[in-house]
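Participant: give the three-dimensional model of this entry:
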Amino acid sequence: MKTLLFKATAMVFGLACIATASVAQAPAKKVAKPAAAPAAKTLTLTKAALQNKIKGGWAGQTIGVTYGGPMEFKYNGTIIQEYQPIEWNKGLLKKTMTDDPGLYDDIYMDLTFVEVFEKEGLDAPVASFAKAYANAGYYLWHANQAGRNNILRGVMPPQSGHWLSNPHADCIDYQIEADFAGLMSPGMPNAASAISDKIGHIMNYGDGWYGGVYLGALYTLAFTSDNIPYIVEEALKTIPKQSKYYHCISDVIRWHQQYPNDWKQTWFEVQKKWSADLGCPDGVFKPYNIDATVNSAYVVIGLLYGNGDFTKTLNISTRCGNDADCNPSSAGGILGTILGYDKISAYWKQGLQDVEDIDFKYTTTSLHKVYDIGFRHALQMVQRNGGKVAGEQVTIKLQTPVPVQFEESFAGHFPVKKIAVNKPLKDEYTFDFEGIGYVMKGETSKWSQKSDYVFRTEVSIDGQAPVLVELPTNFTTRLQELNYKYQLPKGKHTVKVKLLNPSAEFPCNIGEVIVYSDQPAGRVVVN
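Facilitator: This next block holds a predicted model:
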């Protein structure tokens, strides 16, 4: 893949030097004590039992994403009603893997990182993971694509995932890719968090990153207990209590206790309190929500109300809507780890043997291969973290979860206005706004388009020296937003965008401009 020549500077829009925002810490909510906890500080499993759980995790997420695939983002801000059938049959896995291999981004993104570990070992540097995914042939969206574009321009992690250089920092991306970190760290949530610190910041920050940290911890604890309420609460100890993510999942736990037989009531409570998306330019002012916090809540709803039943778990996590393939994939993978491959019912494994030797697209790894690779990586991690492997016995030194560092994306930023532009950029475009930041949406590429042509634009704010922003026309390397800037002084601003190299072949279209201020717009009072 051709690497763009543009390099980031301290003043590039959306790529400014990282500054840690000062935020007030919200009071932590009380979470009910877990019903049970493992008494032992070590856990001994046979190699066969450990591998069976790892196989269950990989198979469970594959089944889940296939089941929910047809529902992906077709029901936004609403549940999927029971009268809506969701298909499952013996031929569905093979048909989907053959006809719609792009659905499995939940899997092949994981496998990209697994393959780096396999090639370079457990100490592989973050640059290897970043470059592997940035130069992969698959299409990406949201935080993943923004991170890719950053890396190709020389902006490496953790800056590539930081909200000042990634408008999608709170999106679900690393959450759907973190399964591998948990599956290779059985009983060791802090070891999984360390992996997530390295890899998750390639594309995410703050609550977006916490989605992957938390789900990774859920996987690690799925090796130690079949008590789902305990696993859900214990894994939350990896998340800082002052974060919005922590408060949201704490609320789900509390609402499950309050409405133990009504998942829809808990879903409604989540919608009322947590469905506002402040960051994602595609979700602001729309009922579309790819925010990690809300979609993590749907995963937890599926696990808690599914109560260990694979059918209920997949059905509920899918019918919560929004990212309705990724969420059952995560829930299915975690429950599959709890149950183990052998105890996933024959109904859900129908057709699985037909696809286990098929390499996932963009990878050289199949399910059968990752069953083996993931098992070997887990043994290495067990030994590295104080455990032992002796003969057919694996003794894991269990870890008590500790919170990762506190981060907050878009601190003090609230979307207050949307300016509809919807016109091609042929030479110059100027607009005024009042606030502290903006995001200019637009497009320079078409689906599946392969092109080396790169638009060159100059962007200036308030008459300051213009900054060069390059916009690829190749869909794989595209920049999803034309330009953006946060943390401006509060007040009136003028933005001028100049196209330096217009093309008769490729359009450069401006869509909408989202304006941010330091306070919510508030309710409109009608007299």
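
Participant: okay, CA-based contacts and neighbour counts for the rest of this
Facilitator: Fine.

Participant: what segments of the stretch 1-150 of the chain are helices?
Facilitator: 47-68, 92-99, 105-120, 126-134, 142-152 (DSSP state H, counting those that start in this stretch).

Participant: the nearest residue to W348 once chain neighbours are set aside: how many residues sit nearby?
Facilitator: Once flanking residues are discounted, W348 sits nearest to I63: 7.1 Å by C-alpha to C-alpha, 6 or more residues apart in numbering. Using other C-alpha atoms under 10 Å, I63 has 26 neighbouring residues.

Participant: model confidence for I63, exactly?
Facilitator: On pLDDT, I63 comes in at 98.

Participant: I'd like the mean pLDDT over the top strand by length along the chain, please.
Facilitator: Ranked by residue count and defined by DSSP state E, the top strand of the chain is strand 414-424. Averaged over strand 414-424, pLDDT sits at 97.

Participant: and for stretch 491-503?
Facilitator: Mean predicted lDDT for stretch 491-503 stands at 97.

Participant: what comes up buried for it?
Facilitator: For stretch 491-503, burial by neighbour count (16 or more other C-alpha atoms under 10 Å) applies to 493, 495-499, 502.

Participant: in a markdown table: the residues you listed, plus secondary structure and distance to V155.
Facilitator: Formatted as a markdown table, the buried residues of stretch 491-503 follow (DSSP: H, G, I helix; E, B strand; the rest coil; distance: C-alpha to C-alpha, whole Å):
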| residue | secondary structure | distance to V155 |
| --- | --- | --- |
| H493 | strand | 27 |
| V495 | strand | 24 |
| K496 | strand | 24 |
| V497 | strand | 22 |
| K498 | strand | 23 |
| L499 | strand | 23 |
| P502 | coil | 26 |
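
Participant: tell me the pLDDT at the residue nearest the centre of the chain?
Facilitator: Centroid-nearest residue in the chain, with C-alpha atoms, centre = their mean: D173, separated by 2.2 Å. Predicted confidence (pLDDT) for D173: 98.

Participant: tell me who's in contact with it.
Facilitator: The neighbours of D173, taking C-alpha atoms under 8 Å, 6 or more residues apart in numbering as the test, are 142-144, 203-204, 208, 292.

Participant: quick one on the thing from earlier: highest mean neighbour count out of the helices of the stretch 1-150 of the chain?
Facilitator: Most buried of the helices of the stretch 1-150 of the chain by mean neighbour count (mean count of other C-alpha atoms under 10 Å) is helix 142-152; its value is a mean of 27.

Participant: out of the helices of the stretch 1-150 of the chain, which is closest to D262?
Facilitator: Within the helices of the stretch 1-150 of the chain, the stretch nearest D262 is helix 47-68; the backing value is 21.2 Å (C-alpha to C-alpha).

Participant: who are the packing partners of the closest one?
Facilitator: Packed against helix 47-68 by the contact rule (3 or more C-alpha pairs under 8 Å, 6 or more residues apart in numbering; DSSP states H and E) you find helix 92-99, helix 105-120, helix 310-319, helix 326-339, helix 367-384.

Participant: please produce TSV containing the ones you listed, extended by mean pLDDT.
Facilitator: Output for these, formatted as TSV (pLDDT from 0 to 100):
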stretch	mean pLDDT
helix 92-99	97
helix 105-120	97
helix 310-319	98
helix 326-339	98
helix 367-384	98
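
Participant: make CSV from the ones you listed and add distance to G463 to it.
Facilitator: Compiled in CSV, these are given as follows (distance: least, C-alpha to C-alpha, whole Å):
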stretch, distance to G463
helix 92-99, 51
helix 105-120, 42
helix 310-319, 49
helix 326-339, 44
helix 367-384, 54
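
Participant: quick one, which of these is nearest to G77?
Facilitator: For those, proximity to G77 was assessed by C-alpha to C-alpha; helix 310-319 is nearest, at 11.0 Å.

Participant: in the closest one, what's buried?
Facilitator: 310, 312-319.

Participant: how about the residues you listed, which pair is most distant?
Facilitator: Greatest spacing in the buried residues of helix 310-319, by C-alpha to C-alpha: F310 and R319 (14.1 Å).

Participant: remind me which residues of the protein are low pLDDT?
Facilitator: 1-40, 523-527 (pLDDT under 70).

Participant: could you pull out the strands in it for me?
Facilitator: Secondary structure of the chain, counting by DSSP E: strands at 42-46, 388-390, 393-397, 414-424, 428-435, 437-443, 454-461, 467-472, 481-485, 491-499, 509-517.

Participant: which of the contacts of D173 sits closest to I249?
Facilitator: Closest to I249 out of the contacts of D173 is A292 (11.2 Å), distances taken as C-alpha to C-alpha.

Participant: measure L488 to L500 for me?
Facilitator: L488 sits 25 Å away from L500, going by C-alpha to C-alpha, to the nearest Å.

Participant: repeat for Q487
Facilitator: Computed as C-alpha to C-alpha, the Q487 to L500 distance reads 27 Å.

Participant: just Y298 next, same as before
Facilitator: Computed as C-alpha to C-alpha, the Y298 to L500 distance reads 45 Å.

Participant: just D462 next, same as before
Facilitator: According to C-alpha to C-alpha, D462 stands 19 Å off from L500.

Participant: between the helices of the stretch 1-150 of the chain, which gets nearest to A222?
Facilitator: helix 47-68 (8.6 Å).

Participant: was I right about A420 contacting V513?
Facilitator: Yes: assessed by C-alpha atoms under 8 Å, A420 is found in contact with V513 at 6.6 Å.

Participant: these two: which has the busier surroundings?
Facilitator: Higher neighbour count among A420 and V513: V513, with 24 against 12, using other C-alpha under 10 Å.

Participant: quick one, what contacts the closest residue to the more buried one other than its chain neighbours?
Facilitator: Excluding its sequence neighbours, the residue lying closest to V513 (C-alpha to C-alpha, 6+ apart) is M440, at 4.5 Å. Contacts for M440 (C-alpha under 8 Å, 6+ apart) come out as 481-484, 510-514.

Participant: next, format these as CSV and append distance to N149.
Facilitator: Formatted as CSV, the contacts of M440 follow (distance: C-alpha to C-alpha, whole Å):
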residue, distance to N149
E481, 11
L482, 12
N483, 13
Y484, 14
I510, 19
G511, 20
E512, 21
V513, 21
I514, 21
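
Participant: ok, these vs D123, which is closest?
Facilitator: Distances from D123 to the contacts of M440, taken by C-alpha to C-alpha, are shortest for E481, at 34.2 Å.

Participant: residues contacting the closest residue to that closest one other than its chain neighbours?
Facilitator: The shortest distance from E481 to any non-neighbouring residue, by C-alpha to C-alpha, 6+ apart, is to K441 (4.6 Å). Counting by C-alpha under 8 Å, 6+ apart, K441 touches 281, 480-483, 510-514.

Participant: now do 7 Å
Facilitator: Residues near K441 by C-alpha atoms under 7 Å, 6 or more residues apart in numbering: 481-482, 510-513.

Participant: G308 too?
Facilitator: Residues in contact with G308 (C-alpha under 7 Å, 6+ apart) are L335.

Participant: and the gap between it and K131?
Facilitator: As judged by C-alpha to C-alpha, G308 and K131 stand 38 Å apart.
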